[in-house]
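Student: Any chance you can model this:
(2 chains)
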Amino acid sequence: KAGVTQTPRYLIKTRGQQVTLSCSPISGHRSVSWYQQTPGQGLQFLFEYFSETQRNKGNFPGRFSGRQFSNSRSEMNVSTLELGDSALYLCASSLFAGGNTGELFFGEGSRLTVL
Amino acid sequence: AQSVTQLDSQVPVFEEAPVELRCNYSSSVSVYLFWYVQYPNQGLQLLLKYLSGSTLVKGINGFEAEFNKSQTSFHLRKPSVHISDTAEYFCAVRGGGSNYKLTFGKGTLLTVNP
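Tutor: Numbers count the residues shown, from 1 in each chain, chains lettered A, B, ... in the order given. Here you go, the predicted model:
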C-alpha cells in the first residue's frame, strides 16, 4: 500500500511569490491534515480537510490556504511568501470512521526555502 | 485546549543504555496520547499510542510508554538503545470528540553514542 506522497520534496522561492504544495493520501483515507515544522516553533497545525471540507484550522494568517479534491488529494497554497515561511510542510492522512483514534500517517514533507 | 510539554530538548545516551523521554500534557477532557519518531529528512512515524485500557503501552522498535493520569504524564522508555534509535521524538495529544487535531510537543532529540 503506497504511503502519503508529497510533491515537490524541495523548493526555493523568493519573497512575495506564491507556492502550491500537493499531497496524495493513502488510498482510502479521506482526511488530510497539514502541519508546518520549523526549528523554533516545532510542529504547528495548519488545517484539516475531510470530504473536501475544511474541518479544523490553526492560527495562521489568511495567506495560508488549502483545499481537498474529490479523490481526497489535497493542496495547500501560501501567497505573498515571507522569509519566516521557510519550513518543512508535512501532510498527514487518516482513515475516518466512527471512533477515529486520530492516528496520522505522515508524508516525508515538502521543504520550502524562501530567499 | 490541549498542550504538551517535552521536558528535555536533547537526550544523549550511550549505546545499550536505558533511556526515558519525558512528556507531560494538559487537557480538560479525556485524551488520546501518541509518540512519533522522525528520522533525518523524513516524515513522522507512529511509535505507539494510548487510547484506553492498560496504562502500559508497547510500540515498535522495543519502545514502551506509561500513561499516568494523576501525573498527566506519558513518558517513553526503552531498556537498551541502539545507534539506529538516534532521531527526534515527538509526544502528541488529541482530545476526544470530533476534533482530530493533534497537538505536538517541541520534540526531544535522542542521540545514541557508541
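Student: Output the contacting helices and strands for the one helix or strand B:Tyr32 maps to.
Tutor: Assigned by DSSP states H and E, B:Tyr32 falls within strand B:31-38. When contacts are defined as 3 or more CB pairs under 8 Å, 6 or more residues apart in numbering or on different chains; DSSP states H and E, strand B:31-38 packs onto strand B:23-26, strand B:44-50, strand B:64-68, strand B:73-78, strand B:87-95. Any C-beta I mention is one placed from the backbone N, CA and C, and that applies to glycine too.
Student: so how far is the first one off the chain centroid?
Tutor: Relative to its parent chain, strand B:23-26 has a centroid offset of 10 Å by CA atoms, centre = their mean, to the nearest Å.
Student: So for it, what gets flagged as buried?
Tutor: Using 16 or more other CB atoms under 10 Å in any protein chain shown as the test for burial, strand B:23-26 gives B:23-25.
Student: still on that earlier bit, centre of the chain versus the strand holding B:Tyr32, how much separation?
Tutor: Worked out by CA atoms, centre = their mean, strand B:31-38 lies 5 Å from the chain centre.
Student: who in chain A is up against chain B?
Tutor: A:4, A:31, A:33, A:35, A:42-43, A:45, A:48, A:55-56, A:58, A:90, A:92, A:94, A:100-109 (CB under 8 Å from any CB of the partner chain).
Student: Now, the residues you listed that are in strands?
Tutor: Those of the residues of chain A next to chain B mapping onto strands are A:31, A:33, A:35, A:42-43, A:45, A:48, A:55-56, A:90, A:92, A:94, A:105-106, per DSSP state E.
Student: Return a selection command, for use in ChimeraX, containing the buried ones of those.
Tutor: Per 16+ other CB under 10 Å, the buried members of these correspond to this ChimeraX selection:
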select /A:31,33,35,42,43,45,48,55,90,92,94,105,106
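Student: Redo the ones in strands among the residues of chain A next to chain B as TSV? Include pLDDT.
Tutor: Below are these laid out as TSV (pLDDT from 0 to 100):
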residue	pLDDT
A:Ser31	89
A:Ser33	92
A:Tyr35	95
A:Gly42	90
A:Leu43	93
A:Phe45	91
A:Glu48	90
A:Arg55	85
A:Asn56	84
A:Leu90	96
A:Ala92	92
A:Ser94	86
A:Phe105	89
A:Phe106	92
